[in-house]
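Trainee: sequence plus the predicted model coming up.
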Amino acid sequence: MAKCGGCGQFIAAAASIRCSKCTGCYHRACVGVPATATPAPAWLCPGCKVKLPKTDNSATPVKGAAADYTEPTPSDTSASLDLAREIRSFREELSALRAEIREMRQETSDFRAAIRGCNERMDEVEHRVATIEQRFEAGDPKLEYNSIVWDPQEKLYSVMIEKVQHIYVVLAGGVTGYLLLHRVGAPLTVVTVLQVGRFLC
């Protein structure tokens, strides 16, 4: 740890100011330099300052040392405050944007889960319809589905359309699904009903 060239006491490097010519260290208070001031790169200690040719009234050591630093101007302080406010505002906007992105990701995840659920339900309906068709084609004397006994003598077309429409109305949300199926126009087939259902889900 170096000693101050003015008072002779030890001085920490962070609290010292160094002469650019003799590399001597000084307390800022000993040479009249405020702690908040920025020393000039070619700052000279009082001893080196005295040795310079006298061209003005800076022969006094303290005056010569104090002349080689610059105080922060009000404009610099104002610019720093404006920059700090802009940085703070930018960080707040960035935090809000991150929160919105997290919310959008959650909504997207929920939407995908809902689509998967609809697809699974439609796959189940298609499987049930295929099973019913197979049993009709096999000539099952009595076909019971959801507590309804179907007569194989009835026309497969009319029976299947009626039952599939009923199933889809339940899946698609009651009146909305019913109206949509009747807006499509006749004739409706099993495949058409299932395609419309998959489109809406």
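Mentor: Yes, it's here.

Trainee: so Val33, which state does it fall into?
Mentor: Assigned with DSSP: H, G, I helix; E, B strand; the rest coil, Val33 falls in the coil class.

Trainee: residues near it, how many?
Mentor: For Val33, the count of nearby residues is 21 (other Cβ atoms under 10 Å). From N, CA and C alone the C-beta is placed, and that goes for glycine too.

Trainee: now Ser95
Mentor: Counted with other Cβ under 10 Å, Ser95 comes out at 10.

Trainee: tell me the contacts of it?
Mentor: Going by Cβ atoms under 8 Å, 6 or more residues apart in numbering, Ser95 touches no other residue.

Trainee: all further residue positions should be reported with the first residue as 51.
Mentor: Sure thing, new numbering starts at 51, so read that last one as Ser145.

Trainee: what pLDDT is listed against it?
Mentor: Turning to Ser145, the model gives it a pLDDT of 91.

Trainee: now swap in Asp160 and tell me
Mentor: Confidence for Asp160, expressed as pLDDT, is 89.

Trainee: may I have the secondary structure class of it?
Mentor: For Asp160, the assignment made with three-state DSSP gives helix.

Trainee: now swap in Pro103 and tell me
Mentor: Secondary structure, three-state DSSP: Pro103 is coil.

Trainee: show the end-to-end separation of stretch 64-78, please.
Mentor: In stretch 64-78, first residue to last residue: 11 Å (Cα to Cα, to the nearest Å).

Trainee: how close does Gln184 sit to Arg178?
Mentor: According to Cβ to Cβ, to the nearest Å, Gln184 stands 11 Å off from Arg178.

Trainee: out of those two, which sits in the busier spot?
Mentor: Between Gln184 and Arg178, Arg178 has the larger neighbour count (other Cβ under 10 Å), namely 15 against 10.
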